[in-house]
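Engineer: Structure of the sequence below:
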Amino acid sequence: MDKVNIKKKFNLFKEYWTPKILGELNGNYVKIFKAKGEFIWHHHKHEDEFFLVIQGQLNIKLRDREIVLTAGEFFIVPKGVEHLPYAEEEAHVLLFEPKAVINTGEASSDKTVENPEWL
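Structural biologist: You can find the predicted model right below:
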């Protein structure tokens, strides 16, 4: 495996809320996605979800509060916790999660990506 330049990888696609796989580690994927607008309310029954903002700002609504993340900050949504990510302007985000995780968790929508593309 060669080193990965995350910023260059973000330049390879334009679509929002479509995770791309950059690597695999101990049964987990390292993924990136671009966020803009609102995602959907969802949860992951068996997996925690790690969000690290690389560029911009990502907001994560929880049922009892809202988390605001800027570049260099991360938040882990515990398994089973409903959340709704959104971004007013384009944000670049890195995810670290088990390979079986589907981006919309237990929900299904037009934003569901069951087989993310490798970059």
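
Engineer: Skipping adjacent residues, who's closest to residue 22 in space?
Structural biologist: Once flanking residues are discounted, residue 22 sits nearest to residue 30: 4.9 Å by C-beta to C-beta, 6 or more residues apart in numbering. In short, each C-beta sits where N, CA and C put it, glycine included.

Engineer: Also residue 74?
Structural biologist: Residue 74 sits nearest to residue 52 (C-beta to C-beta, 6+ apart), 4.0 Å away.

Engineer: per-residue pLDDT, that neighbour?
Structural biologist: pLDDT, residue 52: 98.

Engineer: Next: the one 3 residues further on.
Structural biologist: The score at residue 55 is 98. That number is its pLDDT.

Engineer: swap in residue 1?
Structural biologist: On the pLDDT scale, residue 1 is placed at 67.

Engineer: Can I take it that residue 67 is in a strand?
Structural biologist: Yes: remark: residue 67 belongs to a strand, assigned using DSSP: H, G, I helix; E, B strand; the rest coil.

Engineer: Does it touch residue 57 like I think?
Structural biologist: No: if you go by C-beta atoms under 8 Å, residue 67 and residue 57 don't touch, sitting 10.8 Å apart.

Engineer: residue closest to the middle of the chain?
Structural biologist: Nearest to the mean C-alpha position of the chain, by C-alpha atoms, centre = their mean, lies residue 95 at 4.8 Å.

Engineer: Can you list phi and psi of it for me?
Structural biologist: Here is the backbone geometry of residue 95 (degrees, to the nearest 10): phi -120, psi 150.

Engineer: which residues touch it?
Structural biologist: By C-beta atoms under 8 Å, 6 or more residues apart in numbering, the residues touching residue 95 are 19, 29-33, 49-52.

Engineer: now residue 71
Structural biologist: Counting by C-beta under 8 Å, 6+ apart, residue 71 touches 53-57.

Engineer: what about residue 55, distance to residue 11?
Structural biologist: Separation of residue 55 from residue 11 (C-beta to C-beta, to the nearest Å): 11 Å.

Engineer: Neighbour count: those two, which is higher?
Structural biologist: Set residue 55 next to residue 11 and count neighbours by other C-beta atoms under 10 Å: residue 55 wins out with 17 against 8.

Engineer: I'd like to know how many residues surround the nearest residue to the more buried one once chain neighbours are set aside.
Structural biologist: Nearest residue to residue 55, sequence neighbours excluded (C-beta to C-beta, 6+ apart): residue 92, at 4.1 Å. Residues lying near residue 92 (other C-beta under 10 Å) number 20.
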